[in-house]
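Student: got a predicted structure here, sequence first:
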Amino acid sequence: MITDLNPLLQKDSHILIQGITGKEGSKALDWILSSGLQVVAGVTPGKGGQIVYSEKHAKEIPVFDSVQEAVQKFPTISISTIYAPPQFVKNAALEAIGQAIQTIHIFAENVPTLDTLTILEEARQKNVRIVGPSSIGFARTGIGAIGSMGGGSMSGYLQPNATLDANTTANKKGVAILSKSGGMANTIANYLTQHSIPQTYIIGIGGDRFIGTTYADLLPELLADEQTAAIVVIGEIGGAYEEMLAQKMMQLSKNPKDTLTQKLKPVFAFISGIFAETLPQGVAFGHAGAIVSKSEGTRAGKIAALKQAGAQVVASPTEIVTALQAIL
Amino acid sequence: MLLTEHEAKKLLVRAQLQVPDHFLITHELASNEIELLTYLQQQTTASAIDNADSRFYVKAQVLHGNRAEQGLVVSSTNQTLKEVILSLFSKRDQHNQPISAVLVEHGLKIKQSFYIALRYDTVTRQLVCLYSEKGGTGMDERGDTLQKIPLSVLEKPKTFTQKPELLTTLQKLWQTFTENDASLIEINPLAQVATQDGFVCLDAKIELEDSARFRHSEWSEYPERSAFGRPPTLLEKKALQVSRSDHRGVAGESFFELPDGEIGVMASGGGASTLAMDALLAVGVKPANYTEYSGNPTREKVHALTTVVLSIPHLKGLYVVGSNANFTDIYETLAGVVDGLLESTYLQPQAKSTKPFAILVRRGGPRWQEAFEMVQERLAGYIQSNQIKIKLCGPDFPLLDTAQEMKNLLA
């Protein structure tokens, strides 16, 4: 497993956009710049030498044919966000891993599993963090947002230079939102902002069956973060990522000597998929990873595991607000 | 995409794995008795092999497991073969579909049965081999005998300490798995036969991963099938055509027709669509379909999908619900919904029923306010004449509460 990773996102991170000349890639450029982060280069094979101009930010971004060329020119690149269609994701990601870029975000959904696992296997060997595939992106308050999080206009807490000091909570703490679904991450962030509950992190981990960074993988960073008071998990049927989070929480709670155990925080979870489970086994519903199965990834199994690990499982996303108001 | 046993075995044979001697009888062939008898005579004499146990196994080619328990795998002698084949064609599978083909295999004298499968493991996020020395029926109960061996997707397995004699078989299965973008290959039983070297795949289950379709043009040769184990309905086919009409966003990639429904559903976003259907179930509103559009599809694509949804007869309303979009243009996509609505039979003058057609929209995201104004303006005449009743809910409206609102509109 990956160890000693840098924090997910830092103010001075230098960012590369692979697929920058495409429709979604060029939009993401504006949004990432709006969030206050620095995009230094783009890659689109065959379009090396071009310049992508962000009118909104009056900024020219050079385009390279390969990640290698981009990294040669900008060796400080530490994050790449990939806006390639699913069939080109594998090669794009392997290029970025080859250049040992620390964190790679993959936006496309429905990447073939063989390609995803090839990427993950190579990334493990190089100690590179993969977020996604099928991830909307990730954001940290006061630092910025990667990907297409909020279409550049999400929760007020994610505006550039936003700080938790500006909000209404007395102890200046916020909550981290982790969600497979990008839309649900945005929706929940909106609910919380409406109720003056600040957010510290918003992370779309991705809805594909196999992803690089799971809820459990993020737990250490979120527990260590002083400003994060609670963690909200938006899950759904299929796979084992919610169960793996529960297992990690259990392990920590049984090991009082672990420094993270002393930092355990309340976890609030919502799991959808009641209707989906009325469908025949094998059907994927909503996301590629939300596979109906009697033996693995059932809603009941996830809820039981999370409850056993001490998480509070709510029946509707709006109940999260009430639960959080009680602790913040 | 789940393959039938016969389709699966063709892939195994291509990788030089052994399967029993066999022949396929289609429904068409079986419906002509003289042709069937002639064919059986040719096949049963031509392919007799040394280690055959003189029995045949007749297996319905269906898209589900547990066939033996359901009487869809029957053993037969040469004398009763025709009757057994015809009796299988008179049955239906567990999805209530007719049997379109049966596979007839020569029996083998078996020394030992193994279980071997390759699949992805969601916990370790790796390819794994599942192996047991006790194959055959009842594997669900013998799950504790299964050993899980992690494999690399980058290189072929080089050892198989559990049973070294099976290394070549494992390597061929790995090759079949990776070359065909499988998500599951299960061989059960894998048989060691008495009078022959090597191992024979007696039964096989293979699932291919739909997301890899772009690099497998050969998959177009497989007859169409849905995840429901039946051929797709006309509307399901139409919705899929819409989604694949261009690469921008998805619209109709998942489309299921549901029995006895009262409203059309157009959900948006993988997470929100799951939640929206849960919400409908909770308040007892019956959806006539499920479909989803997301990833910023074009107006034309959403228009075409709306037309498919609204071609379902006897709908009382339309439920257009999604999360707060990150990058989907709400104006463009809702314009597509209105385009489809205006053309649908539900808004034609002759369609005027005693109750207005109920429409609930819940959206947030880029240009949602502009979009809502456009919807109000373009549907104003129908709202005034009470032909439709509409509620537009913005990004602050809780997703789960939309189902109750829909119910209120229908009341």
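Tutor: Received the coordinates, thanks. Numbering: from 1, shown residues only, chains lettered A, B, ... in the order given.
Student: how many other residues sit next to residue B:126?
Tutor: Applying other Cβ atoms under 10 Å in any protein chain shown, we find 18 residues neighbouring residue B:126. No exception for glycine: its C-beta is placed from N, CA and C like everyone else's.
Student: can you give me phi and psi for the residue in the stretch 51-200 of chain A that chain B sits nearest to?
Tutor: Nearest to chain B, among the residues of the stretch 51-200 of chain A, is residue A:181, at 2.4 Å (Cβ to the nearest Cβ). With angles defined as degrees, to the nearest 10, residue A:181 sits at phi -90, psi 130.
Student: whatever residue of the stretch 301-411 of chain B ends up closest to chain A: neighbouring residues, count only.
Tutor: Proximity of the stretch 301-411 of chain B to chain A (Cβ to the nearest Cβ) peaks at residue B:323, 3.0 Å away. Residues within reach of residue B:323, counting by other Cβ under 10 Å, total 33.
Student: and if you look at residue B:390?
Tutor: By other Cβ under 10 Å, 19 other residues sit near residue B:390.
Student: tell me which residues form a beta bridge with it?
Tutor: Using DSSP bridges, the beta-bridge partners of residue B:390 come out as residue B:359.
Student: residues touching it, list them.
Tutor: For residue B:390, the contact set (Cβ atoms under 8 Å, 6 or more residues apart in numbering or on different chains) comprises B:358, B:359, B:360, B:361, B:375, B:379, B:383, B:409.
Student: which among these count as buried?
Tutor: Neighbour counting by 16 or more other Cβ atoms under 10 Å in any protein chain shown classes B:358, B:359, B:360, B:361, B:375, B:379, B:409 among the contacts of residue B:390 as buried.
Student: and the third one, how far from residue B:386?
Tutor: To tie it back to what came earlier, the one meant is residue B:360. For residue B:360, the distance to residue B:386 equals 17 Å [Cβ to Cβ, to the nearest Å].
Student: and for the last one?
Tutor: Here the criterion is Cβ to Cβ. By it, residue B:409 lies 13 Å from residue B:386.
Student: tally of neighbours for the closest residue to residue A:250 other than its chain neighbours?
Tutor: Excluding the flanking residues, the one nearest residue A:250 by Cβ to Cβ, 6 or more residues apart in numbering or on different chains is residue A:309, at 4.8 Å. When counting by other Cβ under 10 Å, one arrives at 20 neighbours for residue A:309.
Student: same question for the one 4 residues further on.
Tutor: Residues contacting residue A:313 under the criterion other Cβ under 10 Å number 19.
Student: look up how far residue A:228 lies from it.
Tutor: Remark: distance between residue A:313 and residue A:228 (Cβ to Cβ) = 20 Å.
Student: same thing with residue A:291?
Tutor: Applying Cβ to Cβ, the value for residue A:291 to residue A:228 is 31 Å.
Student: and residue A:130, by the same measure?
Tutor: Residue A:130 is 22 Å from residue A:228, by Cβ to Cβ.
Student: between these two, who's got more neighbours?
Tutor: Higher neighbour count among residue A:130 and residue A:228: residue A:130, with 26 against 22, using other Cβ under 10 Å.
Student: contacting residues for the more buried one?
Tutor: The contact partners of residue A:130, taken as Cβ under 8 Å, 6+ apart, are A:93, A:103, A:104, A:106, A:119, A:120, A:123, A:211, A:212, A:213.
Student: and chain B, which of those residues contact it?
Tutor: Subset of the contacts of residue A:130 in contact with chain B: residue A:120, counting by Cβ under 8 Å from any Cβ of the partner chain.
Student: please list the members of the contacts of residue A:130 that lie in helices.
Tutor: When DSSP state H is applied, those are split such that A:93, A:119, A:120, A:123 fall in helices.
Student: need the max-distance pair from those residues.
Tutor: Comparing all pairs in the ones in helices among the contacts of residue A:130 by Cβ to Cβ, the longest separation belongs to A:93 and A:120, at 9.4 Å.
Student: what helix or strand is residue 88 located in?
Tutor: Using chain A here. Assigned by DSSP states H and E, residue A:88 belongs to helix A:86-98.
Student: can you look at chain B instead?
Tutor: Secondary-structure assignment from DSSP H and E places residue B:88 in helix B:81-89.
Student: what's the answer for residue B:323, then?
Tutor: Short version, using DSSP H and E: residue B:323 is in strand B:317-324.
Student: quick one: that strand to chain centroid distance?
Tutor: Its chain's C-alpha centre and that of strand B:317-324 lie 24 Å apart, by Cα atoms, centre = their mean, to the nearest Å.
Student: stretch A:62-80 too?
Tutor: Relative to the chain's own centre, stretch A:62-80 is displaced by 22 Å; criterion: Cα atoms, centre = their mean.
Student: can you give me the end-to-end span of it?
Tutor: Across stretch A:62-80, the terminal residues are separated by 15 Å (Cα to Cα, to the nearest Å).
Student: which parts of it are buried?
Tutor: Buried residues in stretch A:62-80, defined by neighbour count with 16+ other Cβ under 10 Å: A:62, A:63, A:64, A:66, A:67, A:69, A:70, A:71, A:77, A:78, A:79, A:80.
Student: now do stretch B:147-166
Tutor: Buried-residue list, stretch B:147-166, by 16+ other Cβ under 10 Å: B:149, B:151, B:153, B:157, B:160, B:162, B:166.
Student: next one, pLDDT for the residue nearest to the second one when sequence neighbours are not counted please.
Tutor: Computed as Cβ to Cβ, 6+ apart, the closest residue to residue B:151 that is not its neighbour in sequence is residue B:127, at 4.6 Å. The predicted local confidence for residue B:127 comes out at a pLDDT of 97.
Student: how about low-confidence regions in the stretch 151-300 of chain A?
Tutor: For the stretch 151-300 of chain A, the stretches with pLDDT under 70 are A:151-171.
Student: what do you get if the cut-off is 90, keeping everything else the same?
Tutor: Residue ranges of the stretch 151-300 of chain A with pLDDT under 90: A:151-174, A:182-198, A:226-227, A:236-239, A:253-264, A:272-297.
Student: list the contacts for the residue lying closest to residue B:343 once chain neighbours are set aside?
Tutor: Among residues not flanking residue B:343 along the chain, residue B:307 sits closest, at 6.6 Å (Cβ to Cβ, 6+ apart). By Cβ under 8 Å, 6+ apart, the contact list for residue B:307 reads B:340, B:343, B:344.
Student: follow-up on the earlier one: can you put the buried residues of stretch A:62-80 in TSV and add secondary structure and distance to residue A:23?
Tutor: Shown next, in TSV, are the buried residues of stretch A:62-80 (DSSP: H, G, I helix; E, B strand; the rest coil; distance: Cβ to Cβ, whole Å):
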residue	secondary structure	distance to residue A:23
A:62	strand	20
A:63	strand	15
A:64	strand	19
A:66	coil	21
A:67	helix	21
A:69	helix	23
A:70	helix	21
A:71	helix	25
A:77	strand	23
A:78	strand	26
A:79	strand	21
A:80	strand	19
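Student: burial measure for the residue of chain B found nearest chain A, as a count.
Tutor: As assessed by Cβ to the nearest Cβ, chain A sits closest to residue B:271 within chain B, at 2.4 Å. When neighbours are counted by other Cβ under 10 Å, residue B:271 registers 33.
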